[in-house]
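Trainee: just the structure for this:
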Amino acid sequence: MLVCLRSLRRLEGVSTTHGLRQHRALGGLAQHFIRDTSTAWSYESAAKVPGIDPTTLSASDKVASGILAGLLLPSPRISQVFLYNARGSDLYEQIVQQEEYYLPRAEVALQQAHIASIAAHQSASALVAPVASQVVIELGAGAGHKTMPLLDHLAREATLTTYVPIDISSSALDENSQFFADHFEGRPEIQIRPHVGGHEECMLRAASIPGRRIYLFMGSSLGNFDDEEILELFDLVSKLMLSGDRFLLGLDRAHGAAKAEKKIVAAYNDAAGITAEFTLNALLHVNELAGLNFSVHGWRHVAEYDRASSTIQTYVEAVGPQTVLDAQGRTVRSFKSGERIFMEQSRKFNTAGILHLSEAAGLALTRQWMSDDYMIVELRKDLFKQWLARSKWIFKDLVGDEGLLRRPIALRNPYAFYLGHCAAFADIKVLQMPGADAESNRRHFERGIDPDVDDQTSCHSHSALPTAWPSVAQQHAYEERVCAQLKEHWLGCGLGAHSALGLMVLEHTMMHHETLLYMVAQDQRHKALPAQDPRPAQHANQPRKKYLLAQPAPLPQIATVHVAGGPCSLGASKAEVAELGFVWDNEMATEVREVPGFAVRSHAVTNSEFRAFVEDGGYFKGALWPTPEAGKWAQDVQQGKPLHWERSDRAAGGWTVHVPIRKPASMNEAAHWPVHVTLAEAQAYCTWIGGGARVMREEEYHRIFWNASETQGKGHSGGPGSPRACFRGSAIRGNNDFKHLAPTPVGALDDAPSAILPLFDLVGNGWEWTSSAFAPLSGFVPMPVYPEYSQDFFDGKHFVCLGASPFTSLQLLRPSFRNFFQARYPYGINKFRLAWTAP
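Mentor: Numbers count the residues shown, from 1 in each chain. Below is the predicted model of the structure:
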């Protein structure tokens with residue numbers, strides 16, 4: 001679990017008294033005492049304390065046992081949480097006022113000197129009009145006194161700004177809310193939505209609010225994290241970020257030419273001795289909580305600066321031999337004179353250090369503001385680095401150089417074409433790089449193929465494949481050169497990738513990365529590639545958590561959910577387009593539709609459910625299929641089963657299920673995964689089920705999120721609880737964006753759009769088939785730079801798919817995005833659920 005304790009010692013710098021009241025409640029301590037930000041232990045390590053079973057402890061006993069566990073470590077420590085009780089909070093207020101403690105003043109001064117530039121979404125070289133909505137998410141917000149001036153300037157970047165302060169202390173957020181109300185009285189364009197709890201859960205909830213997002217982590221809070229914890233935090237933020245989002249960090253600078261080491265040391269060793277008293281007060285606090293007998297006269301405060309790590313490390317050191325006893329007079333631990341107990345750390349940063357950490361998490365350092373003592377940095381998601389990393393993973397790690405000319409799907413080109421195509425597309429649309437090699441690549445790799453499934457000689461215009469392919473090294477070098485120039489162009493002017501052309505080429509590549517995995521699945525099915533369990537996709541910028549394959553699980557209770565009739569809209573509004581920076585031309589127009597009430601299954605049809613159809617001979621019953629041609633295809637081409645299935649022994653459930661990049665799964669394991677089939681197969685299954693069952697329509701899918709918004713009493717505006725917010729919430733928690741690298745059992749993820757509409761896997765676990773033909777929305781205009789993208793497929797043979805698969809990038813997860821496949825294209829990761837027209 002991500003660190004959920006904010007480092008209270010050096011964070012707020014103005015007022016923490018109210019923000020710490022919760023910590024005086026033992027229940028609050030037990031709830032949040034999960035992982036100390038400067039250590040890797042918890043009260044759960046109390047199992048190592050003789051005679052203690054942590055599973056049977058009360059809240060207060062858990063806190064006490066955690067204290068004992070820390071003291072019994074080879075290098076003993078006391079959590080920094082215990083620096084704070086009523087006395088500790090009062091002492092901290094005094095520390096902030098000491099001349100030596102420069103941090104709060106340094107941050108305020110730097111912020112004031114550059115506040116307009118810091119607040120600006122882009123540099124002065126790329127001025128843009130304010131967006132409709134933005135969300136400012138502050139981690140460890142506390143009382144928020146220093147945030148309000150910055151928030152005031154940030155609000156000028158949007159028509160509506162929602163401020164989301166996150167803190168584990170409800171009382172701190174109460175003070176924050178009151179200060180906000182006083183500061184922004186009469187300013188309805190700035191709203192506040194406090195979130196109480198740990199970073200991870202609160203960020204997931206806050207990230208569902210529609211709008212461009214700015215994450216704040218100020219006060220040099222990062223200084224209390226070690227590298228692993230920083231990467232964990234950065235990974236989480238990166239996982240939630242889209243191209244236009246920003247991450248602002250306030251950091252205390254390390255020693256150097258502009259800043260003497262002695263200044264840093266003095267900040268933690270003030271002449272008045274307030275910091276020493278503050279540190280020793282923690283001993284009295286743990287005495288109260290754990291019944292110990294620490295004497296402040298037997299210990300002294302030590303704060304030393306480690307130059308190698310640029311870190312202040314704070315200890316209490318024994319003055320003479322000391323024996324710590326518990327409430328029963330038993331010895332907890334004896335200390336020799338000079339032995340130390342670790343209390344807390346405070347790291348200092350330089351540009352190189354933060355650059356190294358951010359790059360490791362797939363973030364780019366795009367801007368920074370510096371004084372002699374302090375720095376504020378802006379990080380953005382590095383989508384160009386993600387492009388190269390995923391490309392390397394697919395073409396080198398999965399396919400290999402020797403496999404690039406294979407063509408596992410006859411309806412697609414060889415792998416090598418797509419290695420050149422993604423780069424050539426960007427070169428054609430944006431760069432037009434000089435040189436004969438680049439010109440040749442643009443000619444041969446401009447456009448791929450999507451022939452008619454029924455008549456493969458019928459295909460739109462496309463590039464002719466080269467007679468002599470470029471070498472693998474040449475293709476990779478071309479791709480790297482294209483990405484480098486794209487990144488230099490956009491990041492160099494402070495834009496990130498947030499421009500229409502930049503996003504178009506990035507999203508184009510993301511779509512190909514997904515469909516390339518469909519090809520990999522076929523290669524594995526035919527044993528041209530080894531099937532192996534995937535490892536954590538660090539190259540794909542995924543959270544640094546242990547990857548677990550989806551395990552067999554009981555089938556969740558299947559329910560039929562009634563969706564009330566009412567309006568919905570398809571497409572993206574002008575305000576949404578401005579916020580997103582880019583959408584495809586088939587999303588551009590907004591079309592409002594009135595949708596009659598309907599019923600729909602809570603879960604997609606599973607492999608287990610579909611097996612009954614297969615074993616009943618459904619593929620050989622022509623009357624079930626939507627057309628005679630489809631019935632013939634089911635027998636002759638599919639050979640009586642989904643493409644991804646192979647017959648197996650009874651012990652494995654009779655079938656093996658193939659999915660990309662992992663070993664085939666037995667039907668026993670895959671029974672409760674959604675079945676991935678074509679629209680024709682889905683429609684035949686619905687007919688077999690009977691009772692008027694059918695596949696959902698495009699507008700019905702959207703109506704679910706509108707109805708979810710209505711059940712929350714939020715109406716149809718673009719703010720929190722809106723249809724977009726409901727969609728975003730499902731997307732964040734769903735099986736998508738390479739989070740699981742495999743299907744998950746239906747309903748296993750808490751990703752329903754609302755509690756009243758328990759519909760699961762709507763934005764993940766497979767694209768959701770609709771029975772709606774892919775057609776232009778009212779007012780459709782082809783995009784001038786890529787007019788063929790949509791209009792070549794308004795042919796009545798392609799149908800709309802919505803949501804996401806496990807391999808759909810976060811950048812594509814928006815309600816307006818419309819994927820499309822032919823009704824009998826069998827290679828995709830497409831699922832369906834049963835729907836019925838209301839009587």
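Trainee: list the buried residues of the helix or strand containing Thr509.
Mentor: Following DSSP states H and E, the helix or strand that holds Thr509 is helix 500-525. Across helix 500-525, burial judged by 16 or more other Cβ atoms under 10 Å covers 501-525. (Glycine included, C-beta is placed from N, CA and C.)
Trainee: so where is the stretch 301-450 of the chain shaky, pLDDT-wise?
Mentor: The model of the stretch 301-450 of the chain has pLDDT under 70 over residues 447-450.
Trainee: switch to 90 and redo it
Mentor: 383-385, 389, 396-398, 400, 402-403, 407-414, 416-417, 420, 426-450 (pLDDT under 90).
Trainee: picking that back up, what packs against the helix holding Thr509?
Mentor: helix 383-392, helix 415-426, helix 472-492 (3 or more Cβ pairs under 8 Å, 6 or more residues apart in numbering; DSSP states H and E).
Trainee: what about 6 Å?
Mentor: Helix 500-525 makes packing contacts with helix 383-392, helix 415-426 when contacts are defined by 3 or more Cβ pairs under 6 Å, 6 or more residues apart in numbering; DSSP states H and E.
Trainee: what are the buried residues along the very next helix or strand once past the longest one?
Mentor: Helices and strands here follow DSSP H and E; after helix 415-426, the next one along the chain is helix 436-444. Within helix 436-444, the residues scored as buried using 16+ other Cβ under 10 Å are 438, 440-442, 444.
Trainee: make CSV out of the residues you listed and add distance to Arg724.
Mentor: As requested, those are exported to CSV (distance: Cβ to Cβ, whole Å):
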residue, distance to Arg724
Ala438, 40
Ser440, 44
Asn441, 39
Arg442, 37
His444, 40
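Trainee: which one of these is nearest to Glu261?
Mentor: Closest approach to Glu261 among those (Cβ to Cβ): Ala438, at 51.0 Å.
Trainee: grab the nearest non-local neighbour of the closest one.
Mentor: What sits nearest to Ala438 in space, not counting adjacent residues and going by Cβ to Cβ, 6 or more residues apart in numbering, is Asp427, at 6.1 Å.
Trainee: who's in contact with that neighbour?
Mentor: By Cβ atoms under 6 Å, 6 or more residues apart in numbering, the residues touching Asp427 are 433, 442, 482.
Trainee: surely the second one and Ala424 touch.
Mentor: Think Arg442. Yes. Judged on Cβ atoms under 6 Å, Arg442 makes contact with Ala424 at a distance of 5.1 Å.
Trainee: re the thing from before, which element is encountered next along the chain beyond the helix holding Thr509?
Mentor: Per DSSP H and E, the first helix or strand lying C-terminal to helix 500-525 is strand 560-563.
Trainee: can you tell me which helices and strands that following strand packs against?
Mentor: In this structure, strand 560-563 makes packing contacts with strand 598-601, helix 698-711, judged by 3+ Cβ pairs under 6 Å, 6+ apart.
Trainee: could you list every helix and strand in contact with the longest one?
Mentor: When you say that, I think you mean helix 698-711. Counting by 3+ Cβ pairs under 6 Å, 6+ apart, helix 698-711 packs on strand 560-563, strand 566-570, strand 591-595, helix 723-733.
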